[in-house]
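Colleague: My questions concern the predicted model and sequence given below.
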There are 2 protein chains.
Amino acid sequence: MTGSLTIIGTGPGNPGQTTPQALEAIAAGEMFFGYGPYLDRLDLRPDQSRIASDNREEIHRARAALDAATRGARVCVVSGGDPGVFAMAAAVCEAIETGPETWRRLDVKVLPGVTAMLAVAARAGAPLGHDFCAISLSDNLKPWELIERRLRAVAEAGLVIALYNPISKARPWQLPNAFKILREVLPVTTPVIFGRAVGRPDEHFAVAPLGEAHQQPADMATCIIIGSAETRIIERPGMDPLVYSPRGVGM
Amino acid sequence: MTGSLTIIGTGPGNPGQTTPQALEAIAAGEMFFGYGPYLDRLDLRPDQSRIASDNREEIHRARAALDAATRGARVCVVSGGDPGVFAMAAAVCEAIETGPETWRRLDVKVLPGVTAMLAVAARAGAPLGHDFCAISLSDNLKPWELIERRLRAVAEAGLVIALYNPISKARPWQLPNAFKILREVLPVTTPVIFGRAVGRPDEHFAVAPLGEAHQQPADMATCIIIGSAETRIIERPGMDPLVYSPRGVGM
């Protein structure tokens, strides 16, 4: 008997943004591994089992899931957003590379999803309409100096920046520091977008100029999009403004 | 009577990757504006009208759609992938900013979708598992010198690079030039992923080392992901290799 491992993303949290392909994989799965709050979004049947773990335990979770698949189960590993963006797909690959030969023979599939920055961008208008990048602000797995260097390089190059994992109780000073670095490169009027749980009942969404961005609340689940010097705000009567990055520049 | 304008993305083309939210918006729409091949993916009813235009006419299409919405129609503007990534959402915002005041009063919504790089990445493994960027290689709306500078900056900064609009009949030399620049910064063994129509019957998918990447076929609909120096390949017996970028670096 041969098991399988499917790595899925539920999208940003609004059920209307989970792909039919992911829903089909969930219906076919037997064992579900993931961070508790992501597993909570699934509507599992009594015959489907749920193995929740903390969000700092990705590699252990990946190994447990691969082991269960090797024993013959149809396993789903569940991320929020897209599983390939700062999420479980890379952890599973890492576990396969360093694990037993049998894991390389497994049927492993990754199903894409709507990642947080796309949902936050859509809520705002079109801030990712020009060249952009996605950077995780967590220095758990890379040195802070490298993050600083990257922020400076991409801001100077004129890319819009989406920040993932911007802040947590264990990492309180990194986000204010990132804003400080960016203020050295970008105008203080540059639009900064904060989106959390976009499209869900507990949504938090705000736009602030870079010079005041450090005053906005944010947590691990917030995705922050920092415009380039070209990013614009269109005021609209009685509605949120539209924030967008023009397609063209310097022509 | 008040119209509305909803900007949707169909995802990469596999019907299982179009979100339920986008399908709902399509069902509710009356007039559909978009590039012909994207409109072809929709299953429109006889009472829904289809206004196709060429893919170089984004701003005219945006204005026509806004005008129709102002006259009271429920209008959908249709992109492939995500409408906010090198697609129609920015063109519509640009049209609103430069258009009549009435366009600012319209009910405009952007619904996110699965953008091409996420589908190509999922097909490959997890190449976007670490910091990455998305750059359009088209110099129709920005100078080529700026694109060169950006490629160099992001490659030196260690970001994985997703290239959109890599090549067309009118732009034949830009992609080979981009590879040349990247070979000056990255190892010739860096994995480069080519994905076209991923998840569709006419899928083209290939992985080549940067040193040989210029020999691979590509067109406007190809999304190309260039790894960082950290990106790895896991060979698997009888299956495509997995390509992934480790979550951690330099620790």
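Modeller: Structure received. Because the structure is predicted, anything quoted here is derived from the model rather than measured. Residues are numbered from 1 along each chain as shown, chains lettered A, B, ... in the order given.

Colleague: Tell me the secondary structure at residue A:247.
Modeller: coil (DSSP: H, G, I helix; E, B strand; the rest coil).

Colleague: surely residue A:248 meets residue B:141?
Modeller: Yes: using Cβ atoms under 8 Å, residue A:248 makes contact with residue B:141 at a distance of 3.4 Å. Yep, even glycine has a C-beta here, placed from its N, CA and C like the rest.

Colleague: shared neighbours, these two?
Modeller: Counting by Cβ atoms under 8 Å, 6 or more residues apart in numbering or on different chains, no residue touches both residue A:248 and residue B:141.

Colleague: Just the helices from the stretch 1-150 of chain A, written as ranges.
Modeller: For the stretch 1-150 of chain A, applying DSSP state H, counting those that start in this stretch gives helices covering A:20-28, A:36-39, A:58-70, A:88-98, A:116-124, A:144-156.

Colleague: Just send those helices back as a markdown table, with distance to residue B:54 too.
Modeller: Shown next, in a markdown table, are these (distance: least, Cβ to Cβ, whole Å):
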| stretch | distance to residue B:54 |
| --- | --- |
| helix A:20-28 | 30 |
| helix A:36-39 | 42 |
| helix A:58-70 | 45 |
| helix A:88-98 | 36 |
| helix A:116-124 | 25 |
| helix A:144-156 | 33 |
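
Colleague: got those helices as TSV, with mean neighbour count, distance to chain B and mean pLDDT columns?
Modeller: Shown next, in TSV, are those (neighbours: other Cβ atoms under 10 Å in any protein chain shown; distance: least, Cβ to the nearest Cβ, whole Å; pLDDT from 0 to 100):
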stretch	mean neighbour count	distance to chain B	mean pLDDT
helix A:20-28	18	3	98
helix A:36-39	16	17	94
helix A:58-70	21	7	97
helix A:88-98	25	3	98
helix A:116-124	29	4	98
helix A:144-156	18	4	98
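
Colleague: Can you list the low-confidence ranges for chain A?
Modeller: Across chain A, residues meeting the criterion (pLDDT under 70) sit at A:1.

Colleague: Give me the domain ranges for it.
Modeller: A:4-110, A:116-244 (automatic domain parsing).

Colleague: Can you lay out these as TSV showing distance to residue B:234?
Modeller: Shown next, in TSV, are the domains of chain A (distance: least, Cβ to Cβ, whole Å):
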stretch	distance to residue B:234
domain A:4-110	5
domain A:116-244	19
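
Colleague: between these, which one is nearest to residue B:244?
Modeller: domain A:4-110 (3.6 Å; Cβ to Cβ).

Colleague: picking up where we left off before, tell me which of the helices of the stretch 1-150 of chain A lies nearest to residue A:106.
Modeller: Residue A:106 lies closest to helix A:58-70 among the helices of the stretch 1-150 of chain A, at 5.4 Å (Cβ to Cβ).

Colleague: tell me how far the closest one is from the chain's mean position?
Modeller: 21 Å (Cα atoms, centre = their mean, to the nearest Å).

Colleague: likewise stretch A:3-17?
Modeller: 13 Å.

Colleague: Just the buried positions in that stretch, please.
Modeller: A:3-14, A:17 (16 or more other Cβ atoms under 10 Å in any protein chain shown).

Colleague: Next, the distance between the ends of stretch A:7-23.
Modeller: Stretch A:7-23 has an end-to-end distance of 12 Å (Cα to Cα, to the nearest Å).

Colleague: And stretch A:204-223, by the same measure?
Modeller: 10 Å.

Colleague: same thing with stretch A:98-113?
Modeller: Per Cα to Cα, stretch A:98-113 runs 26 Å from first to last residue.

Colleague: Distance check, residue A:179 against chain B.
Modeller: Distance, residue A:179 to chain B, using Cβ to the nearest Cβ, to the nearest Å: 18 Å.

Colleague: any idea which element that residue lies in?
Modeller: Using DSSP states H and E, residue A:179 maps to helix A:174-185.

Colleague: Now do the very next helix or strand once past that helix against helix A:174-185, angle only.
Modeller: Counting by DSSP H and E, the next helix or strand C-terminal to helix A:174-185 is strand A:191-196. Going by axes from the mean of the first three to the mean of the last three Cα atoms, to 10 degrees, strand A:191-196 is angled at 160 degrees with respect to helix A:174-185.

Colleague: quick one: contacts of whichever helix or strand comes after strand A:191-196?
Modeller: Downstream of strand A:191-196, the next assigned helix or strand under DSSP H and E is strand A:204-209. With Cβ under 8 Å, 6+ apart as the test, strand A:204-209 has contacts from A:120, A:123-124, A:188-198, A:215-217, A:222, A:233, A:240-241, A:243.

Colleague: in its sheet, what does strand A:204-209 sit against?
Modeller: Strand pairing for strand A:204-209, using DSSP bridges, gives strand A:191-196 (antiparallel).

Colleague: out of the domains of chain A, nearest to residue B:211?
Modeller: When the domains of chain A are compared by Cβ to Cβ, domain A:4-110 sits nearest residue B:211, at 22.6 Å.

Colleague: What is the distance between that closest one and the centre of its chain?
Modeller: For domain A:4-110, the separation from the chain centroid amounts to 15 Å (computed by Cα atoms, centre = their mean).

Colleague: start to end distance for it?
Modeller: Per Cα to Cα, domain A:4-110 runs 11 Å from first to last residue.

Colleague: and if you look at stretch A:63-82?
Modeller: With Cα to Cα, one end of stretch A:63-82 sits 20 Å from the other.

Colleague: Pull up the gap between residue A:35 and chain B, please.
Modeller: From residue A:35 across to chain B, the span is 15 Å (Cβ to the nearest Cβ).

Colleague: correct me, but that residue touches residue A:54?
Modeller: Yes: here residue A:35 reaches residue A:54: they are 7.1 Å apart, a contact under Cβ under 8 Å.

Colleague: More neighbours: which of those two?
Modeller: residue A:35 (20 against 10; other Cβ atoms under 10 Å in any protein chain shown).

Colleague: how many other residues sit next to the residue nearest to the more buried one when sequence neighbours are not counted?
Modeller: For residue A:35, ignoring the flanking residues on the chain, the nearest one in space by Cβ to Cβ, 6 or more residues apart in numbering or on different chains is residue A:55 at 4.4 Å. Using other Cβ under 10 Å, residue A:55 has 15 neighbouring residues.

Colleague: where's residue A:55 relative to chain B, distance?
Modeller: Residue A:55 is 13 Å from chain B, where distance means Cβ to the nearest Cβ.

Colleague: Surely that residue touches residue A:39?
Modeller: No: between residue A:55 and residue A:39 there is no contact under Cβ under 8 Å: 11.5 Å.
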